[in-house]
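Asker: Got a sequence here, can you model it:
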Amino acid sequence: MSLPKIEELKELSHEDIEKRITELKKDLFDIRFKQATKQSIKPHIFKHKKHELAQLLMLENNYTMNK
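Answerer: Purely as a prediction, here's the structure:
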């Protein structure tokens with residue numbers, strides 16, 4: 001599984017970006033919760049979700065700056 005590409009995310013609408021940010025934040029919370037309760041997790045998924053979240057937050061920031 002490779003890291004998400006920003007070109008794919010640039011095609012999303014502002015509403016879709018906001019929805020995806022919310023989903024990723026929930027996913028990251030769940031992963032942290034599993035990690036804290038010693039459940040098995042795949043560390044690379046944590047990295048990929050953080051990377052995608054950073055990209056989406058950057059796109060959202062650019063969208064609000066250009067508005």
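Asker: residue contacts, residue 16?
Answerer: Residues near residue 16 by C-beta atoms under 8 Å, 6 or more residues apart in numbering: none. C-beta here means a position set from N, CA and C on the backbone, and glycine is covered the same way.
Asker: Quick check: phi and psi at it.
Answerer: Taking degrees, to the nearest 10, you get phi -70, psi -40 for the backbone angles of residue 16.
Asker: What separation is there between it and residue 46?
Answerer: Using C-beta to C-beta, to the nearest Å, one obtains 23 Å as the distance from residue 16 to residue 46.
Asker: With residue 64 instead?
Answerer: Applying C-beta to C-beta to residue 64 and residue 46 gives a distance of 27 Å.
Asker: same deal with residue 8?
Answerer: 20 Å.
Asker: of the two, who's got more company?
Answerer: Higher neighbour count among residue 8 and residue 46: residue 46, with 16 against 10, using other C-beta atoms under 10 Å.
Asker: tell me which element that one is part of?
Answerer: Element membership for residue 46 (DSSP states H and E) is helix 43-66.
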